[in-house]
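Q: Pasting a predicted model and its sequence here:
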Amino acid sequence: MISVTTGRTMKEGPIHMRVIILGAIVLAALAGPASAVTTLSGYSSFMTEMRSSGGGDPSWQLSNPQLYTELFLKTSPWTDVDTYLKTSVESNRLVDDLKDTKFFLREAHMRYRWDNVEAYLFGGQNRFWLGEPLLDIVNQDVVKQDDYGPRAQGIRVDFWDVYGITGAAFLSERSDYFKRPYAELPDAEQGYYPGTTDADTISGSTDDYRAMRLYRTFRERTVNVGATYARKDFTRHGDGFYHGRTQDFDEVYAVDLELALGDLLPPLSRFGRVTLVSEYGRNTSGWQWEADGSRPAGFKTELRDVRVGPLKFLGSYQDFGTHFYSDGLASGDNKDRNDYSQYYVEGRYRVPLKAINLKYWLRHSEPEHPGATSYSESVGETDEWGSELYLEFINGFTGKAEYKVYEDGNGVWPNLFFEVTGENRLVKLRTQFRIKDIDSNFAINAFGFEANVNLTDNWKFYSRVMNVDEETESRQTAFAQVRYLGWSGAEFFVEFGNPDQSNDLVNDGDFVNHDSGATTDKVFKAFLRIYY
């Protein structure tokens, strides 16, 4: 079976905008003069794995052979114009015993730059940053939403020093698919099913995004003023609702101000730059209202760059309405801040003439209307405080110790953490130890070790091991990789285990968790990658 896809099969739904954008980029790349600067590069990767059957079965099985190739086309067909196209081919994917070969149009862009303006026509790329200071009303991960492959495309324009104003704007479209029309799905199954191939039951959803940010500096960058606007328009489904809502858009705007008080007010200059940053926003979505009928508001202010001798201070305060962060533009973590006010203070001390740094912080959050959101109902008022010690030793070794306490409506959760690292020309080592939720029924002791070794000029070795002890059980995970780089334009490596189980060693929230039952993933993988 061979199929062509732009992150999903082309027959699956409304991808007209993506086809138009990619077609325009390819045409620009191919239609330039013979003197155009063009490069074609890429790599091919051959992979296979041998996996333990598990469950008491001692046998190993050779499975999942795969050939994967990526090609990158870069060209400048005209002055001030360049294009980029990334494609890939994946074959022999063993899914339900079906051998499949697919061609992907992964990402592309065409860039045009003149004077103080730069414009992109893009597909499958993350070009949704705006650089607003505090509120993060446009979350890049939410807009690009590529958990199942890149699905966003659009136009982005950046400009600078145009009548003293700098800014950026984008217009984007993103397509998702439902397994069946949303209203027909059982409650337990309602949600997105991108990539489905059951054409008889597909319902398309195309959401449009637009956002802009403008700012201007005054008095030699001691005063900065900015404004941000973002909107998402939902697609109507057969049930007459917009993803279950009676209105068709999420919309937020914000204004911000930054003042370098230490430069503006001479008496404060002795304390450093003393930067005050504030941002205020309102959610004007068609379906978001507070209980008193007003629009949800959000505010955050931060005082930074305050120095008193070897001491450095930072402080902030924030307050958000019950519905300020909405589904269409904000991440789940931001939505947890709805209906909460919070203050945060931090102090740092650098010991004079010593490679020793000390840090202390305190954070307090409380809901304005307890129980108004699911998060405040389950967590309630929260406090966090802690201290950190960082040391630099001789011969390339460093150490860190941290003690912090988190308290919410469910209890008090102390944590103790130690880390020692060492590095030289041949080896880099890192050792960690952590006691999580001390003196509770969920207490965990975790130990992790990481090594990165240059065995020779061509042979490299990397490994991670971790052990977690709970009151009633102990579990381990390990990952190791050997790489050979002696071939020109190629590399070969063999690895064991699952690297995702220990990415951040003892701070990995998935493995070092009371609810985790994961153990070492018994699998060997071999890769041969050839570059050209």
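A: Nice, thanks for sending it over.
Q: what about residue 522, how many neighbours?
A: Neighbourhood size, residue 522 [other C-beta atoms under 10 Å]: 15. Quick note: C-beta positions are derived from backbone N, CA and C, even for glycine.
Q: and if you look at the one 10 residues further on?
A: Neighbour count of residue 532, defined by other C-beta under 10 Å: 11.
Q: quick one, what contacts it?
A: 41, 42, 43, 44, 489 (C-beta atoms under 8 Å, 6 or more residues apart in numbering).
Q: Inside strands: which ones of these?
A: Secondary structure from DSSP state E places 41, 42, 43, 44 of those in strands.
Q: For the first one, which non-adjacent residue is closest in space?
A: Nearest residue to residue 41 in three dimensions, chain neighbours excluded: residue 72, at 5.1 Å (C-beta to C-beta, 6 or more residues apart in numbering).
Q: Which strand residues bridge the one you found?
A: residue 41, residue 86 (DSSP bridges).
Q: on that earlier part again, show me which of the contacts of residue 532 are buried.
A: By neighbour count, with 16 or more other C-beta atoms under 10 Å, the contacts of residue 532 hold 43, 44 as buried.
Q: thinking again about what came up before, which of the ones in strands among the contacts of residue 532 lies closest to residue 208?
A: Closest approach to residue 208 among these (C-beta to C-beta): residue 42, at 33.0 Å.
Q: ok, that closest one to residue 138 distance?
A: 33 Å (C-beta to C-beta, to the nearest Å).
Q: Quick check: buried residues in stretch 516-526?
A: In stretch 516-526, counting by 16+ other C-beta under 10 Å, buried: 516, 518, 519, 520, 521, 523, 524, 525.
Q: go on, stretch 484-491?
A: Going by 16+ other C-beta under 10 Å, stretch 484-491 has these buried residues: 484, 491.
Q: Ends of that stretch, what's the gap?
A: By C-alpha to C-alpha, to the nearest Å, the extent of stretch 484-491 from end to end equals 6 Å.
Q: quick check: mean pLDDT across it?
A: Averaged over stretch 484-491, pLDDT sits at 92.
Q: Please apply the same query to stretch 118-126.
A: On average, stretch 118-126 scores 90.
Q: For that stretch, list the C-alpha coordinates in CSV.
A: The C-alpha coordinates for stretch 118-126 follow below in CSV (Å, rounded to 0.1, in the frame of the first residue of the first chain):
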residue,chain,number,x,y,z
GLU,A,118,9.9,39.9,6.5
ALA,A,119,7.0,37.7,5.3
TYR,A,120,6.5,33.9,5.4
LEU,A,121,4.1,31.6,3.6
PHE,A,122,4.4,28.4,5.6
GLY,A,123,2.9,24.9,6.2
GLY,A,124,3.6,22.5,9.0
GLN,A,125,5.9,24.9,10.9
ASN,A,126,5.7,26.6,14.3
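Q: The helix or strand containing residue 207 packs against which elements?
A: Using DSSP states H and E, residue 207 maps to strand 203-218. For strand 203-218, the elements it packs on are strand 165-178, strand 223-233, judged by 3 or more C-beta pairs under 8 Å, 6 or more residues apart in numbering; DSSP states H and E.
Q: Can you flag the weakest of these by average pLDDT?
A: strand 165-178 (a mean of 82).
Q: Does anything pack onto that one? Which helices or strands?
A: helix 16-30, helix 140-144, strand 152-162, strand 203-218.
Q: That one pairs with which strands, parallel or anti?
A: strand 152-162 (antiparallel), strand 203-218 (antiparallel).
Q: Give me the helix or strand of this structure that scores worst on average pLDDT.
A: Lowest on mean pLDDT, DSSP states H and E among the helices and strands of the chain sits strand 2-5, with a mean of 42.
Q: Of all residues in the protein, which one is nearest the centre?
A: Nearest residue to the geometric centre of the chain (C-alpha atoms, centre = their mean): residue 141, 6.0 Å.
Q: ok, now how distant is it from residue 324?
A: Distance from residue 141 to residue 324, by C-beta to C-beta: 18 Å.
Q: Then residue 129?
A: Using C-beta to C-beta, we find residue 129 at a distance of 21 Å from residue 324.
Q: Looking at those two, which one has more neighbours?
A: residue 324 (27 against 14).
Q: contacting residues around that one?
A: Contacts of residue 324 by C-beta under 8 Å, 6+ apart are 252, 281, 283, 296, 297, 298, 337, 338.
Q: Buried ones in the one helix or strand residue 298 maps to, by neighbour count?
A: Using DSSP H and E, residue 298 maps to strand 297-308. Buried residues in strand 297-308, defined by neighbour count with 16+ other C-beta under 10 Å: 298, 299, 300, 301, 302, 303, 304, 305, 306.
Q: next SSE after that strand?
A: strand 311-320.
Q: List the contacts of that following strand.
A: When contacts are defined by C-beta under 8 Å, 6+ apart, strand 311-320 is touched by residues 134, 296-304, 306-307, 337-350, 368.
Q: and if you look at stretch 213-223?
A: 130-132, 164-169, 224-229, 256-260, 263-264.
Q: Next, the buried residues of it.
A: 213, 214, 215, 217, 222.
Q: go on, stretch 467-485?
A: Quick answer for stretch 467-485 (16+ other C-beta under 10 Å): 468, 470, 477, 478, 479, 480, 481, 482, 483, 484.
Q: First-to-last residue distance for it?
A: Using C-alpha to C-alpha, the two ends of stretch 467-485 sit 31 Å apart.
Q: and if you look at stretch 498-510?
A: From its first residue to its last, stretch 498-510 covers 13 Å (C-alpha to C-alpha).
Q: filter the contacts of residue 324 to the buried ones?
A: Taking 16+ other C-beta under 10 Å as the criterion, what is buried in the contacts of residue 324 is 252, 281, 283, 296, 298, 337, 338.
Q: Helices of the chain, residue ranges please.
A: With DSSP state H as the criterion, the chain has helices at 16-30, 140-144, 261-264, 332-335, 374-379.
Q: Please name the bridge partners of residue 251.
A: With DSSP bridges as the rule, residue 251 is bridged to residue 231.
Q: That one: neighbour count?
A: 22.
Q: list the contacts for it?
A: 230, 231, 232, 283, 284, 285, 286.
Q: of those, buried ones?
A: Buried members of those, counted by 16+ other C-beta under 10 Å: 230, 231, 232, 283, 285.
Q: okay if I get these as CSV plus distance to residue 316?
A: Formatted as CSV, the buried ones among the contacts of residue 251 follow (distance: C-beta to C-beta, whole Å):
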residue, distance to residue 316
230, 22
231, 27
232, 27
283, 21
285, 26
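Q: Just the closest of the residues you listed to residue 500, please.
A: Closest to residue 500, out of all of these and judged by C-beta to C-beta, is residue 232, at 30.6 Å.
Q: where's the closest one relative to residue 274, distance?
A: 37 Å.
Q: Equivalent analysis for residue 345, please.
A: In terms of C-beta to C-beta, residue 345 sits 15 Å off from residue 274.
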